[in-house]
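Peer 1: Structure for this input, please:
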Amino acid sequence: MSEQLETAIEGGPGYLGSKEAHLRGLRQTEGQVPGLQRQVENGTYYTDVLTRGAATRALDSFALALRDKHLRHRCDQPGGTEAEVKVDQASVAVVRLVRS
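Peer 2: Residues are numbered from 1 along each chain as shown. Prediction:
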């Protein structure tokens with residue numbers, strides 16, 4: 001399903017309620033990339049580059065949060081606690097996969 005069609009059907013993507021927080025995090029991550037590039041260009045020792053690699057972790061966290069919002073938005077149907085438990089289990093499984 002295209003993004004435009006999903007927006008028309010669902011009234012917008014599930015992350016709209018936290019859009020500003022997501023944008024703020026992405027801007028902070030974007031600011032890390034030039035520093036990482038300079039470190040690689042200058043031949044900085046790998047542990048220092050890895051320490052600065054928080055940008056990568058921040059992008060992973062952003063992607064996971066976005067996926068979680070999407071799952072919860074798409075599963076926002078009758079089902080109550082049982083549906084929430086299933087979404088929580090799926091979220092934990094994806095986080096483990098990404099962080100392993």
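
Peer 1: next one: phi and psi at residue 44?
Peer 2: Main-chain torsions, residue 44, degrees, to the nearest 10: phi -60, psi 140.

Peer 1: Which residues does the lengthiest helix in the chain contact?
Peer 2: Longest helix in the chain, counting residues (DSSP state H): helix 19-41. Contacts to helix 19-41, defined as C-beta atoms under 8 Å, 6 or more residues apart in numbering, come from residues 15, 48-49, 52-55, 58-59, 61-62, 65-66. Quick note: C-beta positions are derived from backbone N, CA and C, even for glycine.

Peer 1: Quick one: mean pLDDT for that helix?
Peer 2: In this model, helix 19-41 carries a mean pLDDT of 84.

Peer 1: Identify each buried residue in it, please.
Peer 2: 25, 29, 32, 36, 39 (16 or more other C-beta atoms under 10 Å).

Peer 1: Same list (those residues) but as a markdown table, adding distance to residue 83.
Peer 2: Compiled in a markdown table, those are given as follows (distance: C-beta to C-beta, whole Å):
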| residue | distance to residue 83 |
| --- | --- |
| 25 | 27 |
| 29 | 32 |
| 32 | 37 |
| 36 | 40 |
| 39 | 45 |
